[in-house]
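Novice: pasting a predicted model and its sequence here:
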Amino acid sequence: MKVLALIDMDSFYTQVEVKRDPNLRGQPVVVVQYNPYGDLRTLKPTDVRLFPDSNGSIIAASYEARKYGVKRNMMAQAAKKLCPELKVVQVPVAHGKADIGIYREAGAQVISVLSNGVICERASVDEAYLDVTATAQQMLATAAAARHDNSMRQEHGQQQQQGQQGQLQQEEDETGQMERRSVAADGRADDEGGVSCGVVVPLPESVEGWHVAGMDPGADGVSAWWQQAGKTQDDQLLAAGAVIVARLRAAVKQQLGFTCSAGIAHSKILAKLGAGLNKPAQQTLVPAAAVADLLNPLPIGKLRALGGKFGEELSTSLGISTVGELAAVPLNRLEAAVGEETAAWLARLAQGIDDLEVKPRTLPKSISCGKTFRGNTAITGLSAVHKWLQELGKELQERIEADRKDHQRLPGLLTVSIDTLQGGSGAAAGTGAAAAAMVAAAVGQNAAAAVAANGGRHTAQTWRAGAVNVSRSCNLRRPVAEVMAEDALKLVKKWARDRADGWKIIGMFLSASNFVAAPTGASTLERFMAAAGPQQEQQEHLNPTGAGASDRQVMGGSDAAASGIAIGSGSFSSSPVSGSKRPAAAAIGGSKKRAYGDLRAFLAPSTAAAAAAAATAALGDVIVEVPKFELQST
């Protein structure tokens with residue numbers, strides 16, 4: 001059985017801001033979104049970002065602020081009525097949108113600490129899954145060996161004191177003790193049906209902030225569980241895992257000054273639930289005996305993958321609302337509603353069984369940036385789409401370049417994703433005023449329905465009611481802002497052509513993924529030109545088979561790809577730097593035909609790059625949709 005943990009940073013954005021400004025320590029602090037309707041000028045992380053008059057939406061609240069009832073998604077001024085001393089910090093702004101770079105960088109620092117000696121999977125800016133199984137097994141074996149050695153030393157001392165008297169009785173006692181030690185060493189029941197003693201791994205002197213689900217809260221409950229008889233091997237491993245996770249949390253606090261909470265269990269889903277039970281700066285162990293009591297009263301929507309439309313449809317179709325009720329549904333009824341495969345998955349999920357493994361990933365699988373457009377800032381024309389794709393492209397280029405420098409890799413897939421509010425169904429309203437009016441009416445109806453469903457209250461999310469997400473992808477030809485913006489615009493145009501009844505974009509995101517290794521160094525063009533010159537030097541230095549596909553910046557900020565060279569494709573286009581459509585033959589000491597041949601050979605892609613290009617080329621432009629399950633009445 002695996003021992004997994006979820007590490008959840010406590011109000012991470014506020015912790016990052018407090019670390020940057022120690023004067024905020026101990027005070028109620030919130031981090032708010034920038035004003036999308038106001039000034040969008042650049043606001044650097046180093047600028048003064050304390051805005052007491054801001055009425056931005058709260059995206060993070062410190063625990064000092066939460067004591068006053070301040071919560072996420074509140075507006076800042078409403079929160080200040082609850083807590084007049086509230087310190088309001090605005091996120092940095094770049095490219096006309098929020099810039100969360102300082103939080104991403106801090107998250108990367110946390111990952112570097114957590115990944116020490118365990119398998120670490122970065123789940124988000126402020127969350128990470130850990131697989132501590134191997135380290136827990138090693139700790140358990142070491143503790144069992146130490147306990148055995150200690151018992152042997154104690155028995156040897158007793159033998160010396162007792163002398164020879166009662167030797168036979170002593171041997172009989174010793175045999176029984178050895179059998180009990182054998183049970184304790186591996187945490188299993190013996191062949192006669194006996195059970196193990198308490199946890200083999202010693203309980204740390206301080207277990208402040210520790211909890212065990214199903215036991216009394218705090219240290220008393222932890223100590224009682226630790227000493228309980230009947231511990232299985234799985235319990236023993238969980239206990240060792242709890243010690244390891246506590247040490248990692250302490251290392252994050254000591255090295256970075258950040259606190260975090262954790263859940264320790266046998267599956268990802270239980271670890272995540274455990275992490276949310278006790279916060280901040282606490283950890284909760286979820287043993288198998290506590291799973292049913294933890295899951296049964298839980299609303300269906302709290303389970304992974306059941307928090308959206310599918311979960312709602314499942315609850316309606318089966319007439320259930322809690323995980324316990326889901327677990328009680330007969331398998332044949334589940335199969336009739338969602339099919340055999342999905343039914344088996346749901347049955348296991350309702351018991352806390354999740355076969356998802358922690359994958360060793362300390363780097364994000366994709367780099368993305370986006371912007372939301374609320375109210376009258378929603379986009380209804382392609383010119384505005386292009387403008388914001390250019391801004392997103394600039395940020396994406398900066399982040400790709402930084403990622404390349406740090407991690408020696410480049411992406412091969414570009415994805416544009418939009419949140420859209422569509423107009424009428426099938427009416428050919430055109431793209432003029434009539435279409436705009438139709439979309440506005442649809443938006444109003446969606447928002448009104450959302451408010452009604454929320455008990456008549458407006459929230460920060462009701463403006464997104466009725467939104468549909470669409471994603472389209474294509475090859476990432478060059479990691480350059482202008483090129484990525486143009487390619488993404490083509491995908492959006494193709495989508496918009498089929499929307500004769502009008503459309504409204506309320507969110508747009510640009511992401512790069514499908515990374516391949518790409519070591520940094522001198523640019524491809526620089527290395528080629530360095531190899532040119534006198535014929536004898538060219539013969540000595542030009543090595544067509546050893547070239548990579550680097551795109552480091554050259555010639556005033558443009559990289560080799562941006563200079564008009566399609567890396568690895570053997571094609572050439574006009575260079576934004578020189579305007580030339582082909583390499584100068586004189587520069588490499590040969591004919592134009594020879595120049596093309598040598599440069600194509602020099603730019604030959606690596607095996608990894610060629611494979612990635614083939615894989616992404618096969619994708620073309622595709623619509624990425626979330627799979628849906630059909631429900632039948634039972």
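Specialist: Great, that's in hand. This one's a predicted model, so the numbers in the text were calculated from it and none came from an experiment.

Novice: residue ranges with poor pLDDT in the chain?
Specialist: The chain contains residues with pLDDT under 70 at 148-149, 151-197, 422-466, 521-634.

Novice: swap in 80 and give it another go.
Specialist: 36-39, 147-198, 304, 422-466, 500-501, 520-634 (pLDDT under 80).

Novice: residues contacting the closest residue to residue 219 other than its chain neighbours?
Specialist: Spatial nearest neighbour of residue 219, excluding adjacent residues (C-beta to C-beta, 6 or more residues apart in numbering): residue 207 at 5.0 Å. Where you see a C-beta, it was placed from the backbone N, CA and C, and this is true even at glycine. Shown in contact with residue 207 (C-beta atoms under 8 Å, 6 or more residues apart in numbering): 219, 222, 223, 246.

Novice: in which helix or strand would I find the third one?
Specialist: Under the criterion of DSSP states H and E, residue 223 resides in helix 219-227.

Novice: if you count neighbours, what's buried in that helix?
Specialist: Applying a neighbour-count criterion of 16 or more other C-beta atoms under 10 Å, one finds 221, 222, 223, 225, 226 buried in helix 219-227.

Novice: packing partners for it?
Specialist: When contacts are defined as 3 or more C-beta pairs under 8 Å, 6 or more residues apart in numbering; DSSP states H and E, helix 219-227 sits against strand 210-212.

Novice: the strand it packs on: partners in the sheet, and parallel or antiparallel?
Specialist: Partner strands for strand 210-212, per DSSP bridges, with pairing direction: strand 283-285 (parallel).

Novice: what's the partner strand in contact with?
Specialist: For strand 283-285, the surrounding residues in contact (C-beta under 8 Å, 6+ apart) are 209-213, 222, 225, 238-239, 241-242, 245-246, 249, 261-265, 274-275, 277-278.

Novice: now the helices for the stretch 401-550 of the chain?
Specialist: Assigned by DSSP state H, counting those that start in this stretch, the helices in the stretch 401-550 of the chain fall at 433-453, 481-497, 524-531, 535-541.

Novice: before we move on, back to that, could I get the contacts of residue 207 as TSV with distance to residue 306?
Specialist: Below are the contacts of residue 207 laid out as TSV (distance: C-beta to C-beta, whole Å):
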residue	distance to residue 306
219	34
222	31
223	36
246	31
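
Novice: what is the nearest of those residues to residue 392?
Specialist: Nearest to residue 392 among the contacts of residue 207 is residue 246, at 41.0 Å by C-beta to C-beta.

Novice: returning to what we had before: now do the buried residues in the helix or strand following the helix holding residue 223.
Specialist: Sequence order places helix 233-256 as the next helix or strand after helix 219-227, per DSSP H and E. Residues of helix 233-256 classed as buried by neighbour count (16+ other C-beta under 10 Å): 235-246, 248-249, 252, 256.

Novice: so which elements touch helix 233-256?
Specialist: Counting by 3+ C-beta pairs under 8 Å, 6+ apart, the packing neighbours recorded for helix 233-256 are strand 4-9, helix 101-114, helix 133-162, strand 260-265, strand 283-285.

Novice: okay, these in TSV with distance to residue 198 next?
Specialist: Rendered in TSV, the data for the helices and strands packed on helix 233-256 read as follows (distance: least, C-beta to C-beta, whole Å):
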stretch	distance to residue 198
strand 4-9	22
helix 101-114	29
helix 133-162	11
strand 260-265	18
strand 283-285	14
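
Novice: ok, which of these comes nearest residue 46?
Specialist: When these are compared by C-beta to C-beta, helix 101-114 sits nearest residue 46, at 9.7 Å.

Novice: show me what the closest one is packed against.
Specialist: If you count contacts as 3+ C-beta pairs under 8 Å, 6+ apart, helix 101-114 packs onto strand 4-9, helix 12-20, strand 119-122, strand 127-131, helix 233-256.

Novice: adding distance to residue 66, write those out as CSV.
Specialist: Shown next, in CSV, are these (distance: least, C-beta to C-beta, whole Å):
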stretch, distance to residue 66
strand 4-9, 15
helix 12-20, 10
strand 119-122, 26
strand 127-131, 19
helix 233-256, 20
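
Novice: right, so of those, which gets closest to residue 89?
Specialist: Between these, helix 12-20 lies closest to residue 89; by C-beta to C-beta that is 4.9 Å.

Novice: contacting residues around the closest one?
Specialist: Helix 12-20 has contacts (C-beta under 8 Å, 6+ apart) with 9, 24-25, 29-31, 45, 59-62, 65, 89, 91, 102-103, 106-107, 125-126, 256-259.

Novice: what do you get if the cut-off is 6 Å, keeping everything else the same?
Specialist: Contact partners of helix 12-20, identified using C-beta atoms under 6 Å, 6 or more residues apart in numbering, comprise 24-25, 29, 31, 60, 62, 89, 102-103, 106, 126, 257-258.

Novice: quick one, which of those are buried?
Specialist: 24, 29, 31, 60, 62, 89, 102, 103, 106, 126, 258.

Novice: quick check: closest non-adjacent residue to the first one.
Specialist: Here the nearest residue to residue 24 in space, its sequence neighbours aside, is residue 18; by C-beta to C-beta, 6+ apart that works out to 4.6 Å.

Novice: separation between the one you found and residue 27?
Specialist: Per C-beta to C-beta, to the nearest Å, residue 18 is found 8 Å from residue 27.
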